[in-house]
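Novice: following is a predicted model, sequence given first.
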Amino acid sequence: VAGVQAADFASLSFGGVAFHVVNEKPAEGFYFQFFPEACEVRLQRAGTRDKGLGVDFEKDFEHYKAQKLSPHKELLARAVNLDDHKKICDLTMGLAQDAGKLAYWGAEVTAVERDPVVAALVKNALERAKNVEKLKTFTIHFGEMRDFLAQPQTVDAYYLDPMFSHKRSALPKKEMQYLADLVEAPDDEEYRAPMELIRKTGRRLVVKRPKLAGPLCGLEPRHTLEGKMIRFDVY
Ligand SMILES: C[S@@+](CC[C@H](N)C(=O)[O-])C[C@H]1O[C@@H](n2cnc3c(N)ncnc32)[C@H](O)[C@@H]1O
């Protein structure tokens, strides 16, 4: 887009990763496309014609309102127990679908994400939704969850949704496919130390799992809430 400068993206850079403006679409890999009217950044995959990937909190919130998405019915809200836990830390933000829902239900969300491209997409979405009251306390912490957890915490409950490393029969949604190609699938074992650390604090921890998988790192939850494809293990 004529007139777009690298400085327009400076605020999206995390962890020393800078984005450069190019005039030609790259032939391979991923790139950001900037839509100046909405100040929207979308992630595109080279060589495809789909609309790419973006995050839009306002659209999502309208959708939740139309759906009458209730914290008393939804498994995620019930697993976190939002009535008693207002400050939630989502340790694996991703595209903030879950974190956005928690904010929609009134939680004060701190979301941790180590991938700079994913973090930038959500940051751009937050900047576009800066007038949305429920998102005013939503903060992104760029980096590793272990570094976040090493800091003093004022969190009521933690949420963990690691990339599913188990093969699932249904094809993942486009979002999950982009994420799976962009972000390296972690080894479940990397979550053992953070889980044990949180358990020592006595704070609530909710882990999202594929319904048929065992508990993360073999650590038995206190109880479980089951959905059709997934379940939430509560520690
Ligand atoms: C399955 S996605 C989470 C999806 C998210 N619940 C949503 O609703 O969009 C997992 C995300 O967590 C991030 N992640 C995984 N391990 C992490 C770690 N140790 N520290 C910080 N971020 C991590 C990955 O980069 C990825 O974006």
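Specialist: Yep, it's here. Residues are numbered from 1 along each chain as shown.
Novice: phi, psi for residue 56 please.
Specialist: phi -140, psi 90 (degrees, to the nearest 10).
Novice: would you mind measuring from it to the ligand?
Specialist: Going from residue 56 to the ligand by C-beta to the nearest ligand atom, to the nearest Å gives 13 Å. Using the backbone N, CA and C atoms, a C-beta is placed for each residue, glycine as well.
Novice: so in the chain, which helix runs the longest?
Specialist: The longest helix of the chain (DSSP state H) is helix 116-128.
Novice: helices and strands around the very next helix or strand once past that helix, which ones?
Specialist: Downstream of helix 116-128, the next assigned helix or strand under DSSP states H and E is strand 139-142. If you count contacts as 3 or more C-beta pairs under 8 Å, 6 or more residues apart in numbering; DSSP states H and E, strand 139-142 packs onto strand 108-113, helix 116-128.
Novice: in this structure, which residue sits closest to the ligand?
Specialist: residue 94 (2.6 Å; C-beta to the nearest ligand atom).
Novice: rewinding a little: just name the most buried of the helices and strands packed on strand 139-142.
Specialist: strand 108-113 (a mean of 24; mean count of other C-beta atoms under 10 Å).
Novice: distance from that strand to the middle of the chain?
Specialist: Relative to its chain's centre, strand 108-113 lies at 8 Å (C-alpha atoms, centre = their mean, to the nearest Å).
Novice: my guess is the residue of the chain closest to the ligand contacts residue 179. True?
Specialist: Yes - between residue 94 and residue 179 there is a contact under C-beta atoms under 8 Å: 6.0 Å.
Novice: spit out the residues that contact these two alike.
Specialist: Counting by C-beta atoms under 8 Å, 6 or more residues apart in numbering, the common neighbours of residue 94 and residue 179 are residue 118.
Novice: between the two, which one's more packed in?
Specialist: More crowded of residue 94 and residue 179, by other C-beta atoms under 10 Å: residue 94, with 23 against 20.
Novice: tell me which element the more buried one is part of?
Specialist: Using DSSP H and E, no helix or strand contains residue 94.
Novice: list the contacts for it?
Specialist: Residue 94 is in contact with 113, 118, 161, 179, counting by C-beta under 8 Å, 6+ apart.
Novice: show me the two of those residues that sit farthest apart.
Specialist: Farthest pair in these (C-beta to C-beta) is 118 and 161. Separation: 12.8 Å.
Novice: just give the number of residues close to residue 12.
Specialist: Using other C-beta under 10 Å, residue 12 is surrounded by 20 other residues.
Novice: which non-adjacent residue is nearest it?
Specialist: residue 120 (4.2 Å; C-beta to C-beta, 6 or more residues apart in numbering).
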